[in-house]
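A.B. asks: sequence isn't available, so here's the structure alone:
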């Protein structure tokens, strides 16, 4: 028997090119929602563009590029998961609740940890020029 969510969203069992295309569309919509609705995501976008431009200008080597791209990816993943958790928490418990606050704080800490790692990687990759 299909899961309720699968029936409701029209998912079919087995492989379907249309379903895979829909999955990419949903993911792209989520990325755009995050960028347009989350201030920190816009900060990450500017930082991403600046670091990539600096990498091109300074001629980073392949290992440095790999580390930079890993750090960028981790920050974006953490921000996406943080945004998803915050949205779900707000929908489930719209009023202030101590456990929801703690969950949001821990998710935000995940972004902070990823951003700190990204800063360390950037210092390693770009210092000294």
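C.D. replies: Yes, it's here. Predicted, not measured: the structure shown is a model, and the values here were computed from it.
A.B. asks: which stretches of the chain have low pLDDT?
C.D. replies: Counting by pLDDT under 70, the chain has low-confidence residues at 1-13, 129.
A.B. asks: and the protein, what are its domains?
C.D. replies: Per automatic domain parsing, the structural domains of the chain span 1-37, 43-126.
A.B. asks: which residues in the protein form helices?
C.D. replies: Secondary structure of the chain (DSSP state H): helices at 4-9, 17-37, 39-58, 62-92, 98-126.
A.B. asks: could I get these as JSON lines with mean neighbour count?
C.D. replies: C-beta coordinates here come from the backbone N, C-alpha and C atoms, glycine included. JSON lines is the format used below for the helices of the chain (neighbours: other Cβ atoms under 10 Å):
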{"stretch": "helix 4-9", "mean neighbour count": "10"}
{"stretch": "helix 17-37", "mean neighbour count": "11"}
{"stretch": "helix 39-58", "mean neighbour count": "14"}
{"stretch": "helix 62-92", "mean neighbour count": "16"}
{"stretch": "helix 98-126", "mean neighbour count": "15"}
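A.B. asks: list the contacts for residue 30?
C.D. replies: Applying Cβ atoms under 8 Å, 6 or more residues apart in numbering to residue 30 gives the contacts 80, 84.
A.B. asks: how much space between it and residue 83?
C.D. replies: 8 Å (Cβ to Cβ, to the nearest Å).
A.B. asks: could you do residue 111 as well?
C.D. replies: 9 Å.
A.B. asks: for residue 74, which non-adjacent residue is spatially closest?
C.D. replies: What sits nearest to residue 74 in space, not counting adjacent residues and going by Cβ to Cβ, 6 or more residues apart in numbering, is residue 114, at 4.4 Å.
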